[in-house]
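# quick one: sequence and predicted model below, then my questions.
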Number of protein chains: 2
Amino acid sequence: MQITCNCVQCELKTVFFNSFQENQLEMFCIQKKETNYRKGDIIIREGDEITDFIYLKSGLVKLHRNTRPDRDQIIIIALPFDFISLLSVFSTDRYNYSVTAIEDSVVCSIPMSSIKKYAMENGKFSFNLIERMSKASDKIILESLAIRSKYLKGKVAYLLLKFSREIYRKPVFELPLSRREIAEYIGMTTENVIRTLSEFRNDRLIRINGKEIEIAHEEALSKIADFG
Amino acid sequence: MQITCNCVQCELKTVFFNSFQENQLEMFCIQKKETNYRKGDIIIREGDEITDFIYLKSGLVKLHRNTRPDRDQIIIIALPFDFISLLSVFSTDRYNYSVTAIEDSVVCSIPMSSIKKYAMENGKFSFNLIERMSKASDKIILESLAIRSKYLKGKVAYLLLKFSREIYRKPVFELPLSRREIAEYIGMTTENVIRTLSEFRNDRLIRINGKEIEIAHEEALSKIADFG
DNA sequence: CGCGGCTTTGATGTTCATCAAGTAAAGTGG
DNA sequence: CCACTTTACTTGATGAACATCAAAGCCGCG
């Protein structure tokens, strides 16, 4: 049997679907949908019914939710290979968070019913799923606890380093979030985020050029993130 | 085959091990260990190697971790039927949090290797595990986000209502946490927790008698929890 | 060009942590 | 069982951290 489906070349295959037989992958591939989103597009709306299992192929998205009218809270930034719908999917039938693209993104989705079927049949797949979920929630929980335990400066420093180290893996990058979104991430006001950034700039810890950030003194910033 | 093992009567069987065949349950039962802990006993230490899958049969425990020297942070309170080791167990080989009994507790444990084996073989069991994990992490994440987004009064009110509604299911209860532990839970100082409790008492929202708390005006407290 | 959204800075008041000090409760050793 | 020590609890005073309000500059876009 000749497999023509593009899932075969997909990098995700090796990290997640390695437990699949070739014919399973073929089946999978036929069912899956690939969708493109532009920066700012809403991929999932809080309250939407969960019908598909969704993962990020490329780009960058934010998971966020409405805590109260006019107030949004960012839960986490998801990278490619992250399973966007790792939260909630197996515990409720509706999303309790929204997902929005913060860079142009490509998303793959497959009906939940198929994932359930595969999970029931294929122990290795299922265990793979468990491990992935476990890592994803660990990450969110630890990050949430870390952010909670810091003061403003520590939170901002933490976030800048997160972008530099984990997401872009370089000292200079375009911040994909507005000042307001940063505030929503760390639970502070926009004004105070700006003030903190300005302070870091005045102290020569970072350079700012609009959305472009350069980490100038990573070591010092790291101390602030750890003890601020 | 006659099953003599006490797991047969265990309430947990119906919620979790219902996918087991009788002989599997027997196998399971032989392997499992049941341990008693007194209030204050440490069940798991942060950094310990994860060897067993652990769940709470009765009692009440707190999951907590050291954020920095001399500072502890409570992650969540776990109830019976909760799988204490739902975090981390499938993502790392060492616990990144501690577990301590805050009431006399009974804990069951079974080697991780067995759980892995069952998960690989039994799709239903495995899927059951996924759903449980999903619910557990959802709960923690949503709670963590909720706590992060409130002011002091809102946090304290939230916590009091949590004990009253979710944990003890009655308006009068013995608070199993010290004032300091409450502070560690919501990320505030002990002094301010006490001040807030005193304020609630002066406003006749609660009655305090040492560790005994009575929710006197649930409605008002609920508003504070939601909008404070 | 002008409108709306994003960014920035300043002034002001609230919320909260920290320090200090004292009381109550609970454990410890003789 | 009592003196002693330690730990938990409580209240007040002070300053730091932070939100809120106000106002102005900037930019992209119709």
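Cool, got the structure.
# where does the residue nearest the centre of chain A fall, phi/psi-wise?
In chain A, the C-alpha nearest the mean C-alpha coordinate belongs to residue A:78, at 0.9 Å (Cα atoms, centre = their mean). Phi and psi for residue A:78, reported as degrees, to the nearest 10, are phi -110, psi 130.
# with adjacent residues omitted, what lies nearest to it?
Spatial nearest neighbour of residue A:78, excluding adjacent residues (Cβ to Cβ, 6 or more residues apart in numbering or on different chains): residue A:61 at 5.0 Å. Where C-beta positions appear, they are placed from N, C-alpha and C, glycine not excepted.
# now do the phi/psi pair for the one you found.
According to degrees, to the nearest 10, residue A:61 has phi -130, psi 160.
# what about it, neighbour count?
For residue A:61, the tally of surrounding residues (other Cβ atoms under 10 Å in any protein chain shown) stands at 28.
# quick check: which ranges of chain A have low pLDDT?
The model of chain A has pLDDT under 70 over residues A:1-5, A:12, A:14-17.
# surely residue A:93 touches residue A:48?
No: under the criterion of Cβ atoms under 8 Å, residue A:93 is not in contact with residue A:48, lying 10.1 Å apart.
# these two: who's more crowded?
residue A:48 (15 against 10).
# got the contact list for the more buried one?
A:94-95 (Cβ atoms under 8 Å, 6 or more residues apart in numbering or on different chains).
# picking up where we left off before, surely the residue nearest to residue A:78 is in contact with residue A:101?
Yes: contact criterion Cβ under 8 Å: residue A:61 and residue A:101 qualify, at 5.3 Å.
# who touches both of these two?
What both residue A:61 and residue A:101 touch, as defined by Cβ under 8 Å, 6+ apart, is the set residue A:43.
# now do the strands in chain A.
A:33-37, A:42-44, A:52-68, A:71-78, A:98-111, A:172-174, A:206-209, A:212-215 (DSSP state E).
# residue A:125: how many residues sit nearby?
21.
# out of everything not next to it in sequence, what's closest to it?
residue A:19 (4.3 Å).
# residues contacting that neighbour?
Neighbours of residue A:19 in contact, by Cβ under 8 Å, 6+ apart: A:122, A:124-125, A:128.
# just those now: which is nearest DNA strand C?
residue A:128 (38.7 Å; Cβ to the nearest atom of the strand).
# helices along chain A, start to end?
Using DSSP state H, the helices found in chain A span residues A:11-16, A:22-31, A:112-121, A:123-148, A:152-161, A:179-186, A:190-202, A:218-227.
# for the fourth one, packing partners?
Looking back up the chat, that one is helix A:123-148. strand A:71-78, helix A:112-121, helix A:152-161, strand B:61-68, strand B:71-78, helix B:112-121, helix B:123-148 (3 or more Cβ pairs under 8 Å, 6 or more residues apart in numbering or on different chains; DSSP states H and E).
# for DNA strand C, what are the nearby residues on chain A?
A:178-180, A:190-191, A:194-195, A:197-198, A:208, A:211 (Cβ under 7 Å from any atom of the strand).
# let's go with 10 Å and repeat that
By Cβ under 10 Å from any atom of the strand, the part of chain A that sits against DNA strand C consists of A:40, A:151, A:175, A:177-183, A:189-199, A:201-202, A:208-211.
# selecting buried members of those in PyMOL, what would you type?
Applying 16 or more other Cβ atoms under 10 Å in any protein chain shown to the residues of chain A next to DNA strand C, the buried members can be selected in PyMOL as follows:
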select buried, chain A and resi 175+177+179+181+182+183+192+193+196+197
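# out of the contacts of residue A:19, who has the most neighbours?
Neighbour-wise, those (other Cβ under 10 Å) top out at residue A:125, 21 neighbours.
# what sits against that residue?
Contacts of residue A:125 (Cβ under 8 Å, 6+ apart): A:17, A:19-20, A:118-119.
# go with 7 Å
Contacts for residue A:125 (Cβ atoms under 7 Å, 6 or more residues apart in numbering or on different chains) come out as A:19-20, A:118-119.
# go on, residue A:193?
A:156, A:179, A:182-183.
# the residue in chain A that DNA strand D sits nearest to and residue B:149, how far apart?
For chain A, the residue closest to DNA strand D is residue A:152, as judged by Cβ to the nearest atom of the strand, at 3.0 Å. Counting by Cβ to Cβ, to the nearest Å, the gap from residue A:152 to residue B:149 is 15 Å.
# what's the answer for residue A:133, then?
Residue A:133 is 24 Å from residue B:149, by Cβ to Cβ.
# residue A:119 now?
In terms of Cβ to Cβ, residue A:119 sits 34 Å off from residue B:149.
# and for residue A:142, the neighbour number?
Residue A:142, neighbours per other Cβ under 10 Å, totals 16.
# in space, what's closest to it - neighbours in sequence excluded?
Using Cβ to Cβ, 6+ apart, the closest residue to residue A:142 is residue B:96 (7.0 Å).
# in contact with that neighbour, which residues?
Contacts of residue B:96 by Cβ under 7 Å, 6+ apart are A:142, B:46, B:65, B:88.
# surely the third one and residue B:100 touch.
In this case it means residue B:65. No: judged on Cβ atoms under 7 Å, residue B:65 makes no contact with residue B:100 at a distance of 11.0 Å.
# circling back to that earlier point, residue A:119 and residue B:149: who's more crowded?
The residue with more neighbours, out of residue A:119 and residue B:149, is residue A:119; 21 against 15, by other Cβ under 10 Å.
# before we move on, back to that, what's the closest of the contacts of residue A:19 to chain B?
Closest to chain B out of the contacts of residue A:19 is residue A:124 (6.5 Å), distances taken as Cβ to the nearest Cβ.
# what bridges to residue A:108?
residue A:34, residue A:55 (DSSP bridges).
# residues near it, how many?
19.
# now the two most distant members of the contacts of residue A:125.
A:20 and A:119 (12.1 Å; Cβ to Cβ).
# with distance to residue A:84 added, can I get the contacts of residue A:193 in a markdown table?
A markdown table is the format used below for the contacts of residue A:193 (distance: Cβ to Cβ, whole Å):
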| residue | distance to residue A:84 |
| --- | --- |
| A:156 | 26 |
| A:179 | 25 |
| A:182 | 21 |
| A:183 | 23 |
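# skip the chain neighbours and tell me the closest residue to residue A:194.
Closest to residue A:194 by Cβ to Cβ, 6+ apart is residue A:179, at 5.5 Å.
# again with residue A:222
Looking at residue A:222 with Cβ to Cβ, 6+ apart, the closest residue is residue A:161, at 6.4 Å.
# quick check: that neighbour vs residue A:209, distance?
Where residue A:209 is concerned, residue A:161 sits at a distance of 19 Å (Cβ to Cβ).
# over to residue A:33?
39 Å.
# count of neighbours near residue A:127?
For residue A:127, using other Cβ under 10 Å, the count is 20.
# just list the residues touching residue A:124, thanks.
A:19, B:120.
# actually residue A:85, sorry about that
With Cβ under 7 Å, 6+ apart, residue A:85 has these contacts: A:50, A:53-54.
# what do you get if the cut-off is 6 Å, keeping everything else the same?
When contacts are counted by Cβ atoms under 6 Å, 6 or more residues apart in numbering or on different chains, residue A:85 is found next to A:53-54.
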